[in-house]
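*Asks:* A structural model of the following input is requested.
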Amino acid sequence: MNAVVASPAEDPRKLPAIQAEGATLLAVIARAAADPQTDVDKMERLMLMYERVESKRAEAEFASALADMQSRLPSIGERGDAAGRYKFALWEDINAAIKPILTEYGFALSFRTDFTDGIAVSGVLTHRSGHKEQTTIKLPADPSGNKNAVQAVASSVSYGKRYTAGALLNLTSHGEDDDAFASVSAFDISNWADAIKGAADKIELDRIGDDLKGKQGIPAPAMKQIRALWAAKAKEFKA
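*Replies:* So this is what the prediction gives:
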């Protein structure tokens with residue numbers, strides 16, 4: 001499992017300015033509401049402006065919290081077996097591993113299903129700021145392994161949860177006996193994560209990327225995590 005979702009467009013570094021803008025606009029609205037000569041149209045325009053500012057604030061808080069959380073999200077062991085064809089991380093393992101971390105950073109992950117035309121599973125990542133991101137996958141029923149009709153639907157829903165959670169959170173998984181993964185547990189990526197997070201612009205981020213290319217001795221799974229953080233930051237600058 002290794003899916004990347006584009007970061008929200010709002011730059012989290014703008015958050016203090018957005019918060020100040022909202023506070024100023026709210027003060028203007030309060031004064032206008034206290035003035036009996038203020039017409040309804042003006043109040044409606046002010047409220048629409050305030051709603052747009054609050055939406056930007058929520059988006060920036062979402063992006064900031066998601067960036068902070070990335071290095072905390074674990075790689076999940078693959079205990080599921082698709083009839084010997086491949087291994088995969090079970091949804092219950094994913095959920096147990098990520099739920100405490102999501103809660104710590106103010107996130108909630110929920111799912112919606114639609115059986116109108118096939119099996120559509122939507123993952124919704126919501127932050128306490130009020131902003132949310134969503135992704136959807138549409139699947140057929142999975143009758144493999146001699147499943148009955150109900151089991152086939154349940155299997156596809158479980159797959160949809162794994163897929164959408166992975167896309168929204170950039171989750172990774174590993175084999176339970178993966179020696180390469182075991183080696184990463186002793187490798188600290190916090191310096192790289194801090195450098196990437198603190199990059200002031202794309203030029204500085206590119207310099208970090210160039211340094212990363214020349215580094216030897218970083219375990220492959222650790223390198224994968226660092227590159228995922230770099231890519232997420234690059235998308236913030238591109239947005």
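*Asks:* so what's the residue most central in space within the chain up against?
*Replies:* Residue closest to the average C-alpha location in the chain (C-alpha atoms, centre = their mean): residue 169, at 3.7 Å. Going by C-beta atoms under 8 Å, 6 or more residues apart in numbering, residue 169 touches 5, 73, 98, 109, 125. C-beta here means a position set from N, CA and C on the backbone, and glycine is covered the same way.
*Asks:* list the helices and strands the helix or strand harbouring residue 126 packs on?
*Replies:* Assigned by DSSP states H and E, residue 126 belongs to strand 119-127. Judged by 3 or more C-beta pairs under 8 Å, 6 or more residues apart in numbering; DSSP states H and E, strand 119-127 is in contact with helix 40-69, strand 107-114, strand 132-139, helix 149-169.
*Asks:* Give me the contact list for it.
*Replies:* 58, 61-62, 65-66, 106-114, 132-141, 153, 156-157, 159-161, 163-165, 167-169.
*Asks:* do that again at 7 Å, thanks
*Replies:* Contact with strand 119-127 is made by 61-62, 65, 106-114, 132-141, 153, 156-157, 160-161, 164-165, 168, as judged by C-beta atoms under 7 Å, 6 or more residues apart in numbering.
*Asks:* Could I have the buried ones of the residues you listed as ChimeraX selection syntax?
*Replies:* To isolate the buried ones among the contacts of strand 119-127 in ChimeraX, judged by 16 or more other C-beta atoms under 10 Å, type:
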select :61,62,65,107,109,132,133,135,137,139,141,153,156,157,160,161,164,165,168
